[in-house]
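Trainee: sequence first, then the predicted structure:
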Amino acid sequence: MDSASPIFDRQLRERAIAWRNADIDDEDITALDALITEAEALDTVALKTLSHLFGEPLAFGTAGLRGPMGPGPGGMNTKTVCRAATALATYLLEKLPTGASHPPPLVVIGFDGRHRSASFARASAAVFISMGLRAEVSPHPIPTPVLAFAIRDRDAAAGVMVTASHNPARDNGYKVYLGDGRQIIAPVDEDIARLMETQAPMSTVTSPTSIGHLPKAVIDRYIMTAAAILTPNTPRELAIVHTALHGVSTAIFGQCLDAAGFRPAIEVPTQADPDPDFPTVAFPNPEESGAMDEALALAAREAADVVIAHDPDGDRCAVAITDGDRWRTLSGDEVGALIGWWLLQRKPEVTGAFAASLVSGSMLRTIATAHNVPYATTLTGFKWITRVPDLAYGYEEALGYCVDPTHVADKDGLTAALLVCELAARERSAGRRISDVLDDLARDYGVHLSRQVAVRVDDAGSARVLAEQLCANPPRQVGNLFVQQVTNLGSGTDEFPPTPGVRLLLGEHATVFIRPSGTEPKVKAYLQVKFAPGPDVQERRIEGARLLDSLAVGIADAITRTLKP
């Protein structure tokens with residue numbers, strides 16, 4: 001055998017066998033046995049898979065865990081899930097009062113339609129019950145915002161959502177909330193991560209009979225609460241095409257539309273039912289090119305007014321509209337600004353603040369300022385947005401919108417979609433379209449354009465390293481513009497604590513943010529262009545689009561150069 005031939009490293013083999021002998025799930029043991037056998041035959045795919053699964057463990061980071069399913073500390077599996085559940089239960093028992101005068105803390109658990117989501121949810125509940133907590137599991141797959149609602153509705157001590165949201169089919173995840181219904185942040189996540197490292201997981205994966213079911217009435221209350229966001233006795237005539245992208249939102253979004261008085265949506269038939277393999281899309285993320293093609297084709301055939309797409313767990317919402325004689329998918333920034341403006345039209349005296357993440361567009365801030373509404377810029381992620389004091393509405397450019405923080409302190413693609421439908425129906429009744437509203441906003445508040453450039457890498461660690469390299473050696477020029485100011489966000493600023501990424505200012509019109517994704521193995525660049533209000537909207541849009549094209553090519557080139565050894 002020459003030096004280039006693959007080898008099965010002895011230490012890797014020992015780690016894999018030790019995990020196998022201590023594993024607690026027959027499915028994981030069978031999968032690991034097969035990998036070990038293939039690796040012993042020097043199968044390169046098996047060797048690479050084992051090296052990944054038994055390399056860096058899954059980090060308890062953005063609201064919990066997320067990664068590829070498979071045995072080992074680097075995979076989502078029953079042992080990893082039980083370890084996380086054991087750590088969460090220990091944390092709750094340490095922090096919450098217990099005793100005769102206090103009932104055992106309740107944890108509510110939801111799950112999406114991915115492979116093994118239901119079994120991971122039941123395993124978590126078994127751990128919680130075994131450690132003296134109460135647990136209620138959704139009887140069927142539900143959207144993430146319904147779980148976030150249930151935490152407050154049930155007065156739970158914590159909530160767990162088993163989901164990988166819009167990640168590829170091979171992934172799953174474990175999202176954790178505390179009793180306020182918000183995603184956890186430091187130091188809670190750090191405490192749970194420490195407990196995961198120091199505690200052995202509860203070994204049982206058999207669901208005891210004391211596991212409760214999340215009452216159907218909770219889901220019914222979510223639907224009625226969502227519908228109640230809309231203004232009664234306003235237009236509802238609208239032709240809606242909807243896709244769940246093989247996720248779990250079809251049924252409940254249909255119930256929300258019915259409760260709000262809309263006609264049933266026209267569903268994309270090949271994508272309406274949950275399917276963990278996501279067979280019709282390369283990535284089940286409505287941000288990805290091609291993900292909404294079937295919905296757009298159906299909308300054109302049906303002469304629909306609007307297209308609504310939800311990601312597989314229903315917390316993100318994409319919108320497509322007719323613009324002239326073509327269909328166009330709106331950016332998250334366009335939808336975020338539309339919803340904020342529409343909330344002000346419905347109730348000009350908004351009580352509370354608007355907010356958006358650091359990398360989101362600038363239109364909502366401009367609208368809020370014009371209406372004397374307090375505005376906050378936060379770090380990326382809804383765990384920060386929903387912590388803005390007295391929040392009335394918040395969004396992030398990655399298709400996330402929180403329109404009812406009192407009941408759902410997280411992004412909610414279902415309620416956001418209802419508000420978009422309400423706006424579209426109002427415009428339709430007046431002989432107008434959403435594109436007309438966007439023209440009005442551009443004239444009144446300026447042309448604000450944004451675009452995202454994403455580069456997918458092998459794993460989250462590679463994404464972090466690449467982003468760090470770009471921060472350490474940022475480009476001096478992007479497209480035709482020279483970089484005038486560089487802010488390394490990793491060092492912290494007067495506005496924010498340290499966060500991975502860099503901000504580049506390029507003249508008076510353009511800004512670029514570069515950061516690693518918090519949920520996927522990607523490095524993302526967020527490009528923003530803005531011009532002052534004025535009547536020459538189309539000219540400014542053309543100018544801005546050309547500028548974005550130049551920036552996109554320049555930043556992609558900078559990332560590619562950094563990737564090269």
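Mentor: Yes, it's here. Numbers count the residues shown, from 1 in each chain.

Trainee: so residue 479 sits right up against residue 557, yeah?
Mentor: No: between residue 479 and residue 557 there is no contact under Cβ atoms under 8 Å: 9.1 Å. Using the backbone N, CA and C atoms, a C-beta is placed for each residue, glycine as well.

Trainee: which of the two has more neighbours?
Mentor: Legend: neighbour count by other Cβ atoms under 10 Å for residue 479 and residue 557, higher for residue 479 (22 against 13).

Trainee: residue 546 versus the more buried one, what's the distance?
Mentor: Here residue 479 is placed at a distance of 10 Å from residue 546 (Cβ to Cβ, to the nearest Å).

Trainee: try residue 348
Mentor: 36 Å.

Trainee: in the stretch 201-350 of the chain, what spans have low per-residue confidence?
Mentor: Counting by pLDDT under 70, the ranges of the stretch 201-350 of the chain that qualify are 201-209.

Trainee: quick check, central residue of the protein?
Mentor: residue 165 (6.0 Å; Cα atoms, centre = their mean).

Trainee: helix, strand or coil: sort out that one for me.
Mentor: The three-state label given to residue 165 by DSSP: H, G, I helix; E, B strand; the rest coil is coil.

Trainee: next up, the contacts around it.
Mentor: Counting by Cβ atoms under 8 Å, 6 or more residues apart in numbering, residue 165 touches 66, 144, 173, 311, 312, 313, 315, 316, 519.

Trainee: residue 348 and residue 546: which is more packed in?
Mentor: Neighbour comparison, residue 348 and residue 546: the larger count goes to residue 546, with 13 against 9 (by other Cβ under 10 Å).

Trainee: what secondary structure does the more buried one sit in?
Mentor: Here residue 546 takes the helix state, with states given by three-state DSSP.

Trainee: now residue 190
Mentor: helix.

Trainee: name the helices or strands packed onto the lowest-mean-pLDDT helix or strand in the chain?
Mentor: Sorted by mean pLDDT, DSSP states H and E, the helices and strands of the chain end with helix 460-472, the least confident at a mean of 79. If you count contacts as 3 or more Cβ pairs under 8 Å, 6 or more residues apart in numbering; DSSP states H and E, helix 460-472 packs onto strand 502-506, strand 510-516, strand 522-531, helix 537-563.

Trainee: which outside residues touch that helix?
Mentor: 56, 59, 67, 455, 457, 488-490, 500-502, 514-517, 520-523, 558-559, 562-563.

Trainee: could you do stretch 189-202 as well?
Mentor: Outside stretch 189-202, the residues touching it (Cβ under 8 Å, 6+ apart) are 24, 59-61, 63-64, 79, 82-88, 90-91, 126-127, 130-131, 176, 184.

Trainee: counting neighbours, what do you get for residue 534?
Mentor: 12.

Trainee: same deal with residue 441?
Mentor: Count around residue 441 with other Cβ under 10 Å applied: 21.

Trainee: swap in residue 223?
Mentor: Neighbours of residue 223 using other Cβ under 10 Å come to 21.

Trainee: run through the neighbouring helices and strands of whatever helix or strand it lives in.
Mentor: Using DSSP states H and E, residue 223 falls within helix 216-227. Counting contacts by 3+ Cβ pairs under 8 Å, 6+ apart, helix 216-227 packs against helix 144-153, helix 250-260, helix 413-429.

Trainee: try 6 Å this time
Mentor: With contacts taken as 3 or more Cβ pairs under 6 Å, 6 or more residues apart in numbering; DSSP states H and E, helix 216-227 sits against helix 144-153, helix 250-260.

Trainee: dump these to TSV, plus mean neighbour count and distance to residue 327.
Mentor: What follows is these, written out as TSV (neighbours: other Cβ atoms under 10 Å; distance: least, Cβ to Cβ, whole Å):
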stretch	mean neighbour count	distance to residue 327
helix 144-153	27	26
helix 250-260	20	20
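
Trainee: kindly reformat those as CSV containing distance to residue 409.
Mentor: Formatted as CSV, those follow (distance: least, Cβ to Cβ, whole Å):
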stretch, distance to residue 409
helix 144-153, 6
helix 250-260, 19
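
Trainee: great, nothing more from me.
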